[in-house]
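Asker: from the sequence below, what's the structure:
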Amino acid sequence: MFFFSLFKVLHIIAGFTALAVFWIPVVTKKGGRAHTRVGWVYVYAMFVVAISALFMGIWRIGFDPAATVESVAFAWFLIFISILSTATAWHGLRVLRFKNRTAGHRQWIDLLIPALLLVSGIIISLYGASIGFPLLTWFPLIGIMLGATQLLYWLRPPRKRMHWWMEHLGGMLGCCIATITAFTVFGAPRLLGISSVHPLVWFIPTIVLVPVIVGFSAYYQKKFSRPKQM
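Answerer: Numbering: from 1, shown residues only. The predicted structure follows:
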């Protein structure tokens, strides 16, 4: 129980840190000092979120004597958040390291992580449907989509100019969806002193941020496609 409480505190601190600093790299000069330094703060915070969520989810499923069907369902959500956070943050970093590649990418770790996201999304979505739990039924569809697109990105040769930029942006914004959704499901109700919120509220971060990802991607794709001025 001590370790569960410890990881819970770490999870809360890291989660609030990630929420507080995320938009700084978005609005500051890309590649600049603030973007890079604060970006690393966000990434490290998200890895702490992922590790702590994984531990708490496993503990709740395997070792909590007071576990219920609902608490176990939320534990699986924590585990999926851990996988989603890790996969998106990892992808956002690794595309920068291999931004100059011209052929398909075959490093096993970069294929394994999105494959895990894809497979876990399918399994947890089916599990959520079997127990009638909307959050687990529908939210993992994001992981299925992201896992599939990340795999295709690595397996195919790059087709677009500044492809790594678009993938970096999508990865970090996808990681943001995980952060804000977890806060909406767990943090906000407790701060407001309410036992639960309507399931539709759980999906507001996805509903809002997916168009943001699409919009940013379209904007930068158009920007990078313009011929350079002489």
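Asker: just list the residues touching Phe133, thanks.
Answerer: 70, 73 (CB atoms under 8 Å, 6 or more residues apart in numbering). No exception for glycine: its C-beta is placed from N, CA and C like everyone else's.
Asker: try 10 Å
Answerer: 69-70, 72-74, 76-77, 124, 127, 139, 199 (CB atoms under 10 Å, 6 or more residues apart in numbering).
Asker: Leu118: which element?
Answerer: Per DSSP states H and E: Leu118 is located in helix 108-131.
Asker: narrow the contacts of Phe133 to those that are buried.
Answerer: 72-74, 76-77, 124, 127, 139 (16 or more other CB atoms under 10 Å).
Asker: want to throw the residues you listed into JSON lines with distance to Ala182, secondary structure and pLDDT?
Answerer: Supplementary listing: the buried ones among the contacts of Phe133 in JSON lines, determined by distance: CB to CB, whole Å; DSSP: H, G, I helix; E, B strand; the rest coil; pLDDT from 0 to 100:
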{"residue": "Val72", "distance to Ala182": "17", "secondary structure": "helix", "pLDDT": "92"}
{"residue": "Ala73", "distance to Ala182": "14", "secondary structure": "helix", "pLDDT": "91"}
{"residue": "Phe74", "distance to Ala182": "10", "secondary structure": "helix", "pLDDT": "88"}
{"residue": "Trp76", "distance to Ala182": "13", "secondary structure": "helix", "pLDDT": "94"}
{"residue": "Phe77", "distance to Ala182": "8", "secondary structure": "helix", "pLDDT": "89"}
{"residue": "Ile124", "distance to Ala182": "15", "secondary structure": "helix", "pLDDT": "96"}
{"residue": "Tyr127", "distance to Ala182": "18", "secondary structure": "helix", "pLDDT": "95"}
{"residue": "Phe139", "distance to Ala182": "10", "secondary structure": "coil", "pLDDT": "88"}
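Asker: kindly reformat those as JSON lines containing distance to Gly171.
Answerer: Shown next, in JSON lines, are those (distance: CB to CB, whole Å):
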{"residue": "Val72", "distance to Gly171": "29"}
{"residue": "Ala73", "distance to Gly171": "27"}
{"residue": "Phe74", "distance to Gly171": "25"}
{"residue": "Trp76", "distance to Gly171": "23"}
{"residue": "Phe77", "distance to Gly171": "21"}
{"residue": "Ile124", "distance to Gly171": "20"}
{"residue": "Tyr127", "distance to Gly171": "26"}
{"residue": "Phe139", "distance to Gly171": "18"}
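Asker: so Phe77 versus Met1, what's the distance?
Answerer: Taking CB to CB, to the nearest Å as the measure, Phe77 falls 21 Å from Met1.
Asker: lowest-confidence helix or strand of the chain?
Answerer: In the chain, no helix or strand scores lower on mean pLDDT, DSSP states H and E than helix 188-192, which sits at a mean of 60.
Asker: please name the residues that touch Ser52.
Answerer: 4, 6-15, 78, 82.
Asker: next, the buried residues of the strand or helix carrying it.
Answerer: Here Ser52 sits within helix 33-62, counting by DSSP H and E. Residues of helix 33-62 classed as buried: 35, 38-39, 41-43, 45-57, 59-61 (neighbour count, 16+ other CB under 10 Å).
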